[in-house]
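**Student:** Take this sequence and fold it.
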Amino acid sequence: MKVLQVIDTFGVGGAERVAVDLSNLLYNAGIEVEVLTLLVPGALSDQLNPGIKVTSLNRKHRFDKNAFLTFVSIARNFDVIHVHMQHNYRYCRLFAWIFGIRTPIILHDHFGQINIAASAKTFLFRYLLKPAWYIGVSKPLITWTIEHLKISPERTLLLSNIIIPKALPPCNDKKGVVLVSNIKPIKNQLFAIKLLTECDCDLTIFGNVQDTKYFKELQLKIAEWGLSEKIKFVYDCTEIQYELPKYRLGLHTSASETGPLVLIEYLAQGLPFLAYATGEAAASIRPEFPAYFMDNFEPEQWKERIEKLLNAPPDIAKMKHVFAEKFGSEQYVQKCLRFYQKIYAAS
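**Tutor:** Residues are numbered from 1 along each chain as shown. From the prediction side, this is the model:
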């Protein structure tokens, strides 16, 4: 079976990390997999197995003729086209329809705000470019898709996010608190920064600036609250797992997210954390570690919990066991392969 993985670019982000890991897992499972980026390869592309062929369209705009004609010529050569994220699916599905490409196209939906807004433009996805096959990273996404897009449940797959853990030596000189997320309002870094006005610890934020207005607001508040010496921003980190053992506690303050990958990374590296309870990863981890999750954004309650976690030794052995049990890569790739086989048999 020949599978084409499609994404706009392998920038630093959760969906991009999943696309890299899935491509590598499929390749290791003996699948003939290639990768197509609609734009440039991106920073994470270097982490693809060297045996995976990568083609980049370097698209200049949505209707770049050279780009869409190249996509069309490539798409005809595969048994399954696996497209990550809605905007990339719309592009691929549109030109596949125009040029009569019959290769099945999967929408792998990483949409992160399902609790705040609809996961897709209903008219476009229900009528004009309706996905025939759908992968969602959370149960709410699957439910919304079945109810609103009227996709048959048999044509959907829940594929919760995983990561590939890095085997790293322990760090004896741990420092402060870490928060990993790209910088934009939904990630709610402002709340984390406000916590530092009450907590006696330093904070390092790893993430790229995706909303410059919001970033300027964060910088103004940091200066206003006198936190410049306590907060550090790090950009363009492509291997966050290597950084996590250096910290005492992880934070995740996103108000809405379907499958926060960073919680799994914290778990994999034995880093205790405190997170707002949103998304599939939180639902899986919370029964085992209830103290790691909050149901509100009350600063005083977060402060008290942070202090408790910082003063309690983490159960690293249990964290690694839960990671292996709930986020193992073998089960993940087999679920994906069975879905491919179903699609191939129906085409």
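
**Student:** Show the secondary-structure elements that the strand or helix carrying residue 5 is packed against.
**Tutor:** Residue 5 is part of strand 2-7, with elements assigned from DSSP states H and E. Judged by 3 or more CB pairs under 8 Å, 6 or more residues apart in numbering; DSSP states H and E, strand 2-7 is in contact with helix 14-28, strand 32-37, strand 80-84, helix 86-98. Every residue, glycine included, has its C-beta placed from N, CA and C.

**Student:** Tell me the strands beside the second one, with direction?
**Tutor:** Based on DSSP bridges, the pairing partners of strand 32-37 within the sheet are strand 2-7 (parallel), strand 53-56 (parallel).

**Student:** any idea of the mean pLDDT in the longest helix along the chain?
**Tutor:** For the chain, the helix with the greatest residue count under DSSP state H is helix 329-346. Averaged across helix 329-346, the pLDDT comes to 95.

**Student:** next one: it to chain centre, how far?
**Tutor:** Put simply, helix 329-346 sits 20 Å off its chain's centre (CA atoms, centre = their mean, to the nearest Å).

**Student:** and the angle from it to strand 2-7?
**Tutor:** Inter-element angle recorded for helix 329-346 and strand 2-7: 110 degrees (by axes from the mean of the first three to the mean of the last three CA atoms, to 10 degrees).

**Student:** Counting neighbours, which bits of helix 329-346 end up buried?
**Tutor:** 329, 332, 333, 336, 337, 339, 340, 343 (16 or more other CB atoms under 10 Å).

**Student:** Make CSV from those and add distance to residue 75 to it.
**Tutor:** Converted to CSV, these look like this (distance: CB to CB, whole Å):
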residue, distance to residue 75
329, 27
332, 25
333, 23
336, 19
337, 21
339, 19
340, 16
343, 15
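
**Student:** remind me which residues of this structure are low pLDDT?
**Tutor:** Applying pLDDT under 70 to the chain picks out residues 112-123, 258-259.

**Student:** how about the helices in it?
**Tutor:** Ranges of helices within the chain are 14-28, 65-75, 86-98, 122-123, 139-144, 189-195, 212-224, 261-268, 280-285, 299-310, 316-326, 329-346, based on DSSP H.

**Student:** With adjacent residues omitted, what lies nearest to residue 124?
**Tutor:** Distance criterion CB to CB, 6 or more residues apart in numbering; nearest residue to residue 124, sequence neighbours excluded, is residue 90 at 7.1 Å.

**Student:** Next one: the one you found from residue 152, what distance?
**Tutor:** Counting by CB to CB, to the nearest Å, the separation of residue 90 from residue 152 is 21 Å.

**Student:** before we move on, what about residue 97?
**Tutor:** Here residue 97 is placed at a distance of 20 Å from residue 152 (CB to CB).

**Student:** And for residue 333?
**Tutor:** Applying CB to CB, the value for residue 333 to residue 152 is 24 Å.

**Student:** among the strands paired with strand 32-37, which is the most enclosed?
**Tutor:** With neighbours taken as mean count of other CB atoms under 10 Å, the strands paired with strand 32-37 reach their highest mean count in strand 2-7, at a mean of 24.

**Student:** Name the residues that touch that one?
**Tutor:** For strand 2-7, contacts defined as CB atoms under 8 Å, 6 or more residues apart in numbering pick out 15-16, 19, 22-23, 26, 31-38, 74-75, 77-85, 88, 92, 340.

**Student:** redo that, cut-off 6 Å
**Tutor:** Strand 2-7 is contacted by residues 19, 23, 31-37, 78-84, 88, 92 when judged by CB atoms under 6 Å, 6 or more residues apart in numbering.

**Student:** hang on, the earlier thing: let's have the helices of the chain in TSV, adding distance to residue 178.
**Tutor:** Putting those into TSV (distance: least, CB to CB, whole Å) gives the following:
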stretch	distance to residue 178
helix 14-28	16
helix 65-75	38
helix 86-98	30
helix 122-123	38
helix 139-144	27
helix 189-195	10
helix 212-224	16
helix 261-268	9
helix 280-285	17
helix 299-310	12
helix 316-326	16
helix 329-346	24
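
**Student:** Tell me if I'm right that residue 106 and residue 131 touch.
**Tutor:** No. Using CB atoms under 6 Å as the test, residue 106 is too far from residue 131 to be in contact (7.4 Å).

**Student:** and the two? which has more neighbours close in?
**Tutor:** Using other CB atoms under 10 Å, the more surrounded residue of residue 106 and residue 131 is residue 106, with 26 against 23.

**Student:** now the more buried one, which residues is it bridged with?
**Tutor:** residue 82, residue 133.

**Student:** so how far is residue 224 from it?
**Tutor:** Taking CB to CB, one finds residue 106 at 47 Å from residue 224.

**Student:** for residue 56, same thing?
**Tutor:** According to CB to CB, residue 56 and residue 224 sit 43 Å apart.
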